[in-house]
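Engineer: this one's structure only:
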């Protein structure tokens, strides 16, 4: 008779443990399911926001794929060498230096808002602006697979040879 009494409490303890585990799992599912649904909603909203941002007219300073001159840096240097003409007035004064031109590469690759950001000489600056404004279209920058507007800074070293 004694053995029967000892087995009953062990069986009851096992049943209590099983009941506790099942209750904990049910409670866990109830708590986690709504949180998971909210996370999915937030991910969907984030994706939509990214698409909206990529289609607006925002000008990026940095993007996933920066714009490049057709043919790369070597072609850009060649274009500048062939098209920049050192003004005679400036040549007589012996002016040389590094100027910085800023512009926006548009979604179609054209250049807009071309400005001298760091001038050297009024004649050299005007010549650099002329050459940059006459550039062929660039390969536009991309963000999230979409073409975007990107601000670009181009330093130009001008020296007498």
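Structural biologist: That came through fine. Treat the numbers as computed from the prediction; the structure is a model and nothing was measured. Numbers count the residues shown, from 1 in each chain.
Engineer: Report the buried residues of the longest strand along the chain.
Structural biologist: Longest strand in the chain, counting residues (DSSP state E): strand 146-158. For strand 146-158, burial by neighbour count (16 or more other C-beta atoms under 10 Å) applies to 146-150, 152, 154, 156, 158. Yep, even glycine has a C-beta here, placed from its N, CA and C like the rest.
Engineer: Residue 121 against residue 86, yeah?
Structural biologist: No. Counting by C-beta atoms under 8 Å, residue 121 stays clear of residue 86, with 10.6 Å between them.
Engineer: and for the longest strand of the chain, what are the contacting residues?
Structural biologist: Residues outside strand 146-158 that contact it (C-beta atoms under 8 Å, 6 or more residues apart in numbering): 51, 54-55, 57-61, 63, 66-67, 80, 84, 86, 96-108, 117-118, 120, 124, 128, 132, 140-142.
Engineer: From those residues, list the buried ones, please.
Structural biologist: 54, 60, 63, 67, 80, 84, 86, 96, 99, 101, 103-107, 120, 124, 128, 132, 140-142.
Engineer: Inside helices: which ones of those residues?
Structural biologist: Judged by DSSP state H, the buried ones among the contacts of strand 146-158 include 54, 80, 124, 128, 132 as members of helices.
Engineer: Since that was my last question, I'll sign off now.
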